[in-house]
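> How does the following fold in three dimensions:
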Amino acid sequence: MTDDTAPTGFPRGIGAPATRALNAAGYTDLAQLSGVPVDELKALHGMGPKALRILGEALAERGLALGGPS
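Predicted structure coming up:
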């Protein structure tokens, strides 16, 4: 099993703009996103559908999930 988490605490592949957006919103680790409403993350500048998909998949691998619409 490989570790696909980048040194930022988020999965590789979400892109720098999404990582910056998450950090600016105070999120520094994937587990912090568990239960966060998808609409809240969509509103972050730099967060696109690909990043949301990758984050959702990474959370699911850990038995966690994003929250529903806010």
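
> Just the buried residues of stretch 57-70, please?
In terms of neighbour count (16 or more other Cβ atoms under 10 Å), stretch 57-70 has its buried residues at 58, 59, 66. Quick note: C-beta positions are derived from backbone N, CA and C, even for glycine.

> Also stretch 46-53?
Buried, per 16+ other Cβ under 10 Å, within stretch 46-53: 47, 51, 52.

> measure residue 59 to residue 16 for me?
Remark: distance between residue 59 and residue 16 (Cβ to Cβ, to the nearest Å) = 20 Å.

> ok, residue 31 to residue 45 distance?
Taken as Cβ to Cβ, the span from residue 31 to residue 45 is 23 Å.

> before we move on, back to that, and the buried residues of stretch 46-53 as CSV, adding pLDDT, secondary structure and distance to residue 35?
Formatted as CSV, the buried residues of stretch 46-53 follow (pLDDT from 0 to 100; DSSP: H, G, I helix; E, B strand; the rest coil; distance: Cβ to Cβ, whole Å):
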residue, pLDDT, secondary structure, distance to residue 35
47, 96, coil, 17
51, 97, helix, 18
52, 97, helix, 15
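
> before we move on, back to that, got the buried residues of stretch 57-70 as TSV, with distance to residue 12, pLDDT and secondary structure columns?
As requested, the buried residues of stretch 57-70 are exported to TSV (distance: Cβ to Cβ, whole Å; pLDDT from 0 to 100; DSSP: H, G, I helix; E, B strand; the rest coil):
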residue	distance to residue 12	pLDDT	secondary structure
58	10	96	helix
59	15	96	helix
66	18	96	coil
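
> If anything else comes up later, I'll come back, but that's it for now.
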